[in-house]
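A.B. asks: Take this sequence and fold it.
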Amino acid sequence: MQDDAADLRTWLDAHPDDRRGPSGGVRQSNRTDNDSAKMATGKGVMQGYTGVAAVDDRVQIIVVAQAHGTGSEHELLLPVVDALTPCLAPTSLLTADAGYLSTVNRTALEDRGIDALIADAAMRQRDERFATQARHQQAPDPLHDKARPRARASAPTHFTPHDSTYDPVARTCVCPAGKSLYRKGQSVIVNGNISEQFRGTIRDCVGCALRAQCLRTPATTRVRNVAFMRGRVGARPTPVTASTRMRARMRARIDTPDGRARYGRRFATVEPVFANLRHNKRLTRFTLRGRAKVDAQWQLLCLVHNIEKRAHHGCAAQGDARRADRRARYIP
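C.D. replies: Numbering: from 1, shown residues only. Presented below is the predicted three-dimensional model:
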């Protein structure tokens, strides 16, 4: 064992940049399978790979399938987009969950002119359709975790200023219900902080469906008031970067009725595909080592999924058309 440790230290000294991450730090390696990575799962930290797939929303055909030895999802979006670009049409829309949201990904998609909707971590808190999602969550397996149950932090019951879309450049604010708030005069000084305050209108707030989530005392408070801090008095103002503008544009798009409808199709498009591979095909873990072999195993199972979809949709429809044509020929 001492010889193995000495060999490992010699190899690490000779390859200091072998596992550099995007931030420049050296990732921990695994001598048995150096292409894999440590990943946080529901059963603890495991050494393994991440399987990603791009699925079309018509018949759930997997267009791109890749396996990567990294637990960071936002690093995997651009490799999939690179492989998917030849298949995109001018009207194509890419949708991805919050794990793929980063400044690098948003900038790259805008530079390439690719239309995309990527959710942020607070998207469901702003959507009234997910107000009762906690009651539908599956209870943890009591046979798996023998530790004393820990108290979970309760989710916020009311909207915070972060749930509103605030544009510091245009000095506008849109509430979670999609209504524009009007600015109350000039900026005010509150405890040495420069505050910009916004207020809703009676027309929009009184009959709003989100009134109970927006106001702490809806019976006595008529309209919503929200304030945003722009920095301390005498301090240099926080610069509005391109990343801030892109984040605001993405949130504004995804919170519109059309954005919610188009992004909502992601759930019914890609989630059943992974359920089919995990539950029906029993792909609960990769059984090979090395990224090339794991990638081949992942693509093989995805190919089986595509063959089934073609049989159910494409080939089956063609067979029905041929049989109907043969029956029509024999009708006297």
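
A.B. asks: Do I have it right that M246 meets D111?
C.D. replies: No - at 11.0 Å, M246 does not count as touching D111 under the criterion of Cβ atoms under 8 Å. Any C-beta I mention is one placed from the backbone N, CA and C, and that applies to glycine too.

A.B. asks: Between the two, which has more neighbouring residues?
C.D. replies: More crowded of M246 and D111, by other Cβ atoms under 10 Å: M246, with 15 against 8.

A.B. asks: ok now the helix or strand in which A292 is found, how far from the chain's centre?
C.D. replies: A292 is part of helix 291-309 when elements are defined by DSSP states H and E. Offset of helix 291-309 from its chain centre (Cα atoms, centre = their mean, to the nearest Å): 23 Å.

A.B. asks: in that helix, what's buried?
C.D. replies: R291, V294, D295, Q297, W298, Q299, L301, C302, H305, N306, K309 (16 or more other Cβ atoms under 10 Å).

A.B. asks: and the residues you listed as CSV, adding distance to P176 and pLDDT?
C.D. replies: Shown next, in CSV, are the buried residues of helix 291-309 (distance: Cβ to Cβ, whole Å; pLDDT from 0 to 100):
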residue, distance to P176, pLDDT
R291, 42, 93
V294, 42, 95
D295, 41, 96
Q297, 43, 96
W298, 39, 96
Q299, 41, 96
L301, 40, 95
C302, 38, 96
H305, 38, 95
N306, 39, 94
K309, 38, 91
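
A.B. asks: buried residues in stretch 272-282?
C.D. replies: V273, N276, L277.

A.B. asks: picking that back up, show me what the helix holding A292 is packed up against.
C.D. replies: strand 62-68 (3 or more Cβ pairs under 8 Å, 6 or more residues apart in numbering; DSSP states H and E).

A.B. asks: Go through the strand it packs on and flag the buried ones.
C.D. replies: For strand 62-68, by 16+ other Cβ under 10 Å, it's I62, V64, A65, Q66, A67, H68.

A.B. asks: tell me the two of these that are most distant?
C.D. replies: Spatial extent of the buried residues of strand 62-68 (Cβ to Cβ) is set by the pair I62 and H68 at 15.8 Å.

A.B. asks: need the contact list for S195.
C.D. replies: S187, V188, I189, A227, F228, M229, R230 (Cβ atoms under 8 Å, 6 or more residues apart in numbering).

A.B. asks: Kindly recompute the last result at 6 Å.
C.D. replies: Going by Cβ atoms under 6 Å, 6 or more residues apart in numbering, S195 touches V188, A227, M229.

A.B. asks: One more: C173?
C.D. replies: S164, Y166, L181, F198.

A.B. asks: Check the residues you listed against D255 and report the nearest one.
C.D. replies: Nearest to D255 among the contacts of C173, with distances taken as Cβ to Cβ, is S164, at 9.9 Å.

A.B. asks: Give me the distance between the closest one and H158.
C.D. replies: 12 Å (Cβ to Cβ, to the nearest Å).
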